[in-house]
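Engineer: model this:
(chains A and B)
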Amino acid sequence: MFATSTQRHFWMFKDETDVSNARLSANIKYISSRGRNMTVAERETHFLNVVEEKSLIMSYEYQLRDFCRKFHPPMPRYVIGTALHYLKRFYVNNSVMDYPPKEILVTCVYLACKVEEFNVSMDQFVGNLKGDREKAAAIILNNELLLMQQLDYQLTVHNPFRPLEGLMIDMKTRFPTFSDPERLRPGIDEFLEQVFYTDAILIYSPSQISLAAIIHSASTSKENVDEYITKILFSEDQKRLLNLIEAVKKIRVMVRNVQLPHRDTIKALEKKLALCCNPDNNSESPAFKKRMKQSFDEEESFEDGQYPSASSDQVRSMLMGLSEMGKI
Amino acid sequence: MDDYQTCPKCKTTKYRNPAMVLMVNACGHALCESCVELLFAKGSGACPECKCPLRRNNFRVQLFEDPAVDKEVDIRKRILKEFNKRQEDFPTLREYNDYLEEVETIIFNLVFDIDPTNTNKMIDNYKKENKDITQKNRNRQSQEEMELEELLEAEKAQQCEKANLYVNAELEEKKQKHKAREKLIDELMFSDADAKSIVASHVQATSALAKEQPKAAAQPSSGVVKSSKFSSGIQIGLRGQHTNSFLPIPKQEDLPLYRYTAPVFDYDGPPPPPIEKLGKLNYFANIRAANITERAGGYTEAMSCCRALQEALGGLFYSPQLTHKTAVLATNPSTQDTDDMETT
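Structural biologist: Numbering: from 1, shown residues only, chains lettered A, B, ... in the order given. As a prediction, the model looks like this:
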């Protein structure tokens, strides 16, 4: 359960500033390693800053949700939740410029399907993608280990959906004065969708988030569930009630402030990203392709036996040199 | 492996002449029987390989494949007849080992013809000095040998007796059968009684005899007594060693016994009702009932209800704490890197 999980021990932050600081440090690390020879002003223009990165990630989260919504067979919402978790966690510790978000996105979904036991074969999965399927499969498989490594191999994610069901059951059983909590469902679902675009999942526990969803939905339909909370849930621990109220308030504020970034801004940012991204990790760049080819050639020669570690280029140049001298 | 042994003189192998026997001489070279005879028929007495003088009676039948081994074995036997001291004759282990080393050196020298004059001198010296001890040891050895021989003979005698008994019993049986048959024929010829009744009575008589036989056979075997002890009092065989029951493994009394303690869960939230009470509290009205296939597999609604409640109530008291990745404030890019290294 959540209280003993790795999610609570390793992937929880204190508040929003804490999360943004972590992102900031990743961003700075990347810029300083890549832009060593530039001035500060140049760096500003060339690289993305934290705010821009954040909006980029949000747009990619929207893309992820769209992809999962159109997925065939229909994907249950806890798989989507897990995939979003992974995406968020990955980009807390890594910069957007370092690893291309499109590739990480599909890898997150693939990994989430595996972890949440929603069995989809690779063929079925890439069937949902547009474009070159084999290439996509190769991309996903190459990135999978990287993703797991950056998640510290802590793959179990606690989503707010099961706590939501539990609270529903509890309300129906112990709080019968509130008639038919099911009518709150649409509001709850919408709230939970929005909460995944915030950092709330990295700050608060999933049961707190689902309780916030219930309260929000109730207040929009002008109902009041405060009695349930004070009398029944927290009848014994009044002091913790304050803590919870605080948490719920903050979550609601975060959700209220969710804004999908404008399309044009996103386009501009993507162009900028294409310039400043890390070519070693971007499968489109020629440098990447060359590196892949080199390592592939080396692998071939190693299969035969114990060959010295001279790369194929070196061997070729040696042979050329010898033939020039007329020995061959 | 035997087929390839070749006589160096006439080059016949055992394959060609299976009856060929190789003889080995004092200098360690092999010759087949026919060649040996040939050699001494001519009257000469030299080994064809090394030309050392030989005598006819110095040839022994080869026991080992490699004639060098045979030579060594021979020399060893000869030497050890002289050098037969035992460990008890020496006050310390060190001296016994020195003695053994001396013996080995002598044998080695003789086998490989190293320094024969000196070696022979050593042997003669030893002989002179240790004549009486050698004699005593020889006698002692012969005594032990005699005892062993006696035992072996006793065993053999037992076996012979058994065999004899068996043979005798068989003969007896045959004789009896023969007699019975003759008797039957006589009766049939000369008596006036009914033929069938005579045959029937005979059959009875033979079956009665057959029963007596095993009893008779059992008696003589008890006459042979197996000796259970050596003459010195030690018991023969493994009697008395393994028939005792094993001692029980000592039990460790001091360790505390294992006591089951139920695991305690920290929910970090209000405690959910325990799974046993869910039915009473009417939770199941609000959850989908398990269908027949699910119940057959052991699933009950209580399980999913309990799990949902645990997850719902667990973590409600959670308050966000500082993560182990301490926050880094953005000021100077160059110092950021070093800070990063320290904190993460």
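Engineer: so where's chain A uncertain?
Structural biologist: Counting by pLDDT under 70, the ranges of chain A that qualify are A:232-237, A:282-292, A:295-328.
Engineer: how long is stretch A:188-206 from one end to the other?
Structural biologist: Criterion C-alpha to C-alpha, to the nearest Å; first-to-last residue distance in stretch A:188-206 is 14 Å.
Engineer: What residues sit buried inside it?
Structural biologist: Using 16 or more other C-beta atoms under 10 Å in any protein chain shown as the test for burial, stretch A:188-206 gives A:188, A:191-206. In short, each C-beta sits where N, CA and C put it, glycine included.
Engineer: what do you get for stretch B:105-124?
Structural biologist: Neighbour-count burial for stretch B:105-124, with 16+ other C-beta under 10 Å as criterion, is recorded at B:106-107, B:109-111, B:119, B:123.
Engineer: Could you tell me which of the residues you listed belong to helices?
Structural biologist: B:106-107, B:109-111, B:119, B:123 (DSSP state H).
Engineer: Turn those residues into CSV, columns for pLDDT.
Structural biologist: CSV is the format used below for these (pLDDT from 0 to 100):
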residue, pLDDT
B:I106, 87
B:I107, 86
B:N109, 86
B:L110, 84
B:V111, 83
B:T119, 82
B:I123, 84
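Engineer: what's the spacing between the longest helix belonging to chain B and its chain's center?
Structural biologist: In chain B, with assignment by DSSP H, the single longest helix is helix B:131-190. Centroid displacement of helix B:131-190 relative to its chain, using C-alpha atoms, centre = their mean, to the nearest Å, is 32 Å.
Engineer: if I pick whichever residue of the stretch 51-200 of chain A sits closest to chain B, what's in contact with it?
Structural biologist: At 2.8 Å from chain B, A:G166 is the closest residue in the stretch 51-200 of chain A, using C-beta to the nearest C-beta. Contacts here follow C-beta atoms under 8 Å, 6 or more residues apart in numbering or on different chains; on that basis A:G166 touches A:207, B:307-313.
Engineer: repeat for A:L184
Structural biologist: Per C-beta under 8 Å, 6+ apart, neighbours of A:L184: A:214, A:217-218, A:221, A:223.
Engineer: same thing but 6 Å
Structural biologist: A:217-218 (C-beta atoms under 6 Å, 6 or more residues apart in numbering or on different chains).
Engineer: what does the one 10 residues further on give?
Structural biologist: With contact taken as C-beta under 6 Å, 6+ apart, A:Q194 is in contact with A:255, A:258.
Engineer: ok so, going back, most neighbours among the contacts of A:G166, which one is it?
Structural biologist: A:S207 (31 neighbours; other C-beta atoms under 10 Å in any protein chain shown).
Engineer: Quick check: it vs chain B, distance?
Structural biologist: Going from A:S207 to chain B by C-beta to the nearest C-beta, to the nearest Å gives 5 Å.
Engineer: and that residue, what does it touch?
Structural biologist: A:S207 neighbours (C-beta under 6 Å, 6+ apart): A:163, B:312, B:315-316.
Engineer: how much space between the residue in chain B positioned nearest to chain A and A:Q208?
Structural biologist: Nearest residue of chain B to chain A (C-beta to the nearest C-beta) works out as B:A312 at 2.8 Å. For B:A312, the distance to A:Q208 (C-beta to C-beta, to the nearest Å) stands at 11 Å.
Engineer: what's the answer for B:K11, then?
Structural biologist: From B:K11 to A:Q208 the distance is 103 Å (C-beta to C-beta).
Engineer: No more questions from me, cheers.
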